[in-house]
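**Q** model the structure of this input:
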Amino acid sequence: MASRCPVSAGSVRRGGMRDNPPEKEASPETGDSMTDVRFATIGTSAITERFVAALAEVPGTRYVAAYSRDLSRAKEFGESRGATLAFDDLNALAASDQVDAVYVASPNGAHARQASLLAQGGKHVLVEKAFASNEREATEAFARAHESGVVCMEAMRNLHTPGFHNVAANLARVGRVSQATFRYGKVTSRIAKLRAGEHVNQFDPALSEGGLMDIGVYAVEPAIALFGRPERVSASLLTIPLPWEPEPSGAKIDLAGSVVLSYPRAIVDLNYSKVANDFYGAQVAGDAGTLMWEQTNCPADLRFVPYEDKGMVYSAAGGKAEVIPANMPDNDMTCEVATFVDAINGDVDALGRVAFCERVTVGSLAVMDEARRQAGIRFPADDAR
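**A** Numbers count the residues shown, from 1 in each chain. Next up, the predicted model:
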């Protein structure tokens, strides 16, 4: 059994650096800690359940509120998990003095608008992937957060794990990178409904959804995190017309795809699918060796195979493989939560990480914007100004 992420989130000093955690002060009215970051959630799906479970493992956090457009649903979700507040009004949540931070897990199309409103209300915001509908929306939402002086970060969990930290730390060992591959594919349980002509939120362009935004993003973001923005994007996406529309409208959505990112001396292949299981992992290859891991969406133990010149051989051959282990948590969302909370505390390293992740988020959305453009997929948010 893997241990939880070795988090370092401590007690909160609003607007300052984190000290060693002091004894918690208790409210005379409730007896609750007054130093924890008090979290609310937007959304009642399985990913929100997993987030609340992660909060319970990260020191210096407390789950206090749930939001849903249906107040009874918010109460049911929150109260069963220890929250004492429920909201069905986003403005009221943004104005609440009993909430410090909000985890946003609504449909993609609502992310940027909700994040901006909450940030303007002084709330720190952790936004589920994909952070926004497009690059423009993301840039505007981050600008609102900067103006308000709050922490705003995308909940891209695979970038915050010990496994991915090991990838970045060992990248130089491969030498000059020439190729990299990031893959993630799994059959969605909702595909049967989609093929039956039913409306499925996860494939609705009106909600800024689709295969690339839902699952392809797990391949895009590690590439941007490791190599930066590419010079060119070449995309080939598997698309279908929207099956629930009675008359052809020209609107379509993607189920799977392949995206090639071109750099001055390297090519990076990205592959994703919601209609097929992909059992290949990820690798970065260079003239000094190859770094590999099994799951792009959750990098854990790595393998590094150094290059060795073995003369004329007719297959790939290298030196002895080295395993680089990672102490992975059972719930890998604890890692992103720990980074986010440390940044709220004012930890310099965490704030630097948040700034880096902002650049990755915006750059990744630029890549996905271009891939969608080449495939003829448009979201309503693309036309909004």
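**Q** which of the residues in stretch 73-89 are buried?
**A** For stretch 73-89, the neighbour count (16 or more other C-beta atoms under 10 Å) marks 74-75, 77-78, 81, 83, 85-88 as buried. All C-beta spots, glycine's among them, are computed from the backbone N, C-alpha and C.
**Q** in strands, which of those residues fall?
**A** Using DSSP state E, 85-87 are the members of the buried residues of stretch 73-89 that sit in strands.
**Q** mind jotting down where the strands sit in the stretch 101-250 of the chain?
**A** Using DSSP state E, counting those that start in this stretch, the strands of the stretch 101-250 of the chain run over 101-104, 124-128, 152-155, 177-185, 232-241.
**Q** how near is the nearest residue to residue 358 once chain neighbours are set aside to residue 360?
**A** Nearest non-adjacent residue to residue 358, counting by C-beta to C-beta, 6 or more residues apart in numbering: residue 142, 5.6 Å away. Distance from residue 142 to residue 360, counting by C-beta to C-beta, to the nearest Å: 12 Å.
**Q** quick one on the thing from earlier: would you turn the ones in strands among the buried residues of stretch 73-89 into JSON lines with pLDDT and distance to residue 331?
**A** Formatted as JSON lines, these follow (pLDDT from 0 to 100; distance: C-beta to C-beta, whole Å):
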{"residue": "85", "pLDDT": "98", "distance to residue 331": "24"}
{"residue": "86", "pLDDT": "98", "distance to residue 331": "24"}
{"residue": "87", "pLDDT": "98", "distance to residue 331": "25"}
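**Q** which of the strands of the stretch 101-250 of the chain sits closest to residue 219?
**A** strand 177-185 (4.0 Å; C-beta to C-beta).
**Q** beta partners for residue 66?
**A** Beta bridges link residue 66 to residue 41, residue 86, judged by DSSP bridges.
**Q** that older thread, so which of the strands of the stretch 101-250 of the chain is nearest residue 356?
**A** Across those, closest to residue 356 is strand 152-155 (C-beta to C-beta), at 10.2 Å.
**Q** which other residues reach stretch 127-142?
**A** With contact meaning C-beta atoms under 8 Å, 6 or more residues apart in numbering, stretch 127-142 is reached by 43, 47, 103-105, 108-109, 111-112, 115-116, 119, 152-156, 208, 213-214, 217-218, 221, 358, 361-362, 365-366, 368-369, 379, 381-382.
**Q** for stretch 286-300, C-alpha coordinates in CSV please.
**A** C-alpha atoms of stretch 286-300 as CSV (Å, rounded to 0.1, in the frame of the first residue of the first chain):
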residue,chain,number,x,y,z
GLY,A,286,17.5,11.3,-26.1
ASP,A,287,21.0,10.5,-27.3
ALA,A,288,22.1,9.4,-23.8
GLY,A,289,19.2,7.3,-22.7
THR,A,290,15.4,6.8,-22.4
LEU,A,291,13.2,7.6,-19.5
MET,A,292,9.9,5.7,-19.3
TRP,A,293,6.9,5.4,-17.0
GLU,A,294,3.7,3.4,-17.2
GLN,A,295,0.9,5.9,-16.8
THR,A,296,1.0,9.4,-18.3
ASN,A,297,-1.9,10.5,-16.1
CYS,A,298,-0.3,9.2,-12.9
PRO,A,299,3.5,8.8,-13.2
ALA,A,300,4.9,6.7,-10.4
